[in-house]
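Chemist: let me see the structure of the following:
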Amino acid sequence: MPRIAKSVAGSGNVFADLGFANAHEMMAKSELVRHINKIIEQRGLTQVEAAELLGVNQPKVSALKRGRLTDFSIDRLMRFLVALGQEIDISVHPASRAGLRVAEVMATDEHG
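Modeler: Numbers count the residues shown, from 1 in each chain. Below is the predicted model of the structure:
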């Protein structure tokens, strides 16, 4: 008789689902890296050009492209976003579950 696979709903944080102790930090880093890589791609920058903008060498940009989270602190990733012309907003408020969250705000037309 065929075996039926069970599925389990995820928590929304793959790192927590995999049992990482620092899951909230890893998720926040992952989201910051996703934003950095998206901007680099949208601008059509080479890894060398991106490295120059970020003040790092090309292998560091390659690590970002591969999602190497342990190579970078949240602070450093935020500095990269600022170097790419992004504004960082940090808000602190009570939540049902403590943790870090990165949200993307869509650019708006100031004249519209």
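Chemist: could you pick out the longest helix of this structure?
Modeler: Taking DSSP state H as the assignment, the helix of the chain that covers the most residues is helix 23-42.
Chemist: same for that one, what does it pack against?
Modeler: With contacts defined as 3 or more Cβ pairs under 8 Å, 6 or more residues apart in numbering; DSSP states H and E, the packing partners of helix 23-42 are helix 14-17, helix 58-65, helix 74-83. Yep, even glycine has a C-beta here, placed from its N, CA and C like the rest.
Chemist: could those helices go into JSON lines alongside distance to E104, mean pLDDT and mean neighbour count?
Modeler: As requested, the helices and strands packed on helix 23-42 are exported to JSON lines (distance: least, Cβ to Cβ, whole Å; pLDDT from 0 to 100; neighbours: other Cβ atoms under 10 Å):
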{"stretch": "helix 14-17", "distance to E104": "18", "mean pLDDT": "81", "mean neighbour count": "16"}
{"stretch": "helix 58-65", "distance to E104": "17", "mean pLDDT": "97", "mean neighbour count": "17"}
{"stretch": "helix 74-83", "distance to E104": "11", "mean pLDDT": "97", "mean neighbour count": "16"}
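Chemist: present those helices as TSV; the columns should include distance to P94.
Modeler: Shown next, in TSV, are these (distance: least, Cβ to Cβ, whole Å):
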stretch	distance to P94
helix 14-17	20
helix 58-65	33
helix 74-83	21
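Chemist: which one of those lies nearest to K29?
Modeler: Nearest to K29 among those is helix 74-83; the distance by Cβ to Cβ comes to 6.0 Å.
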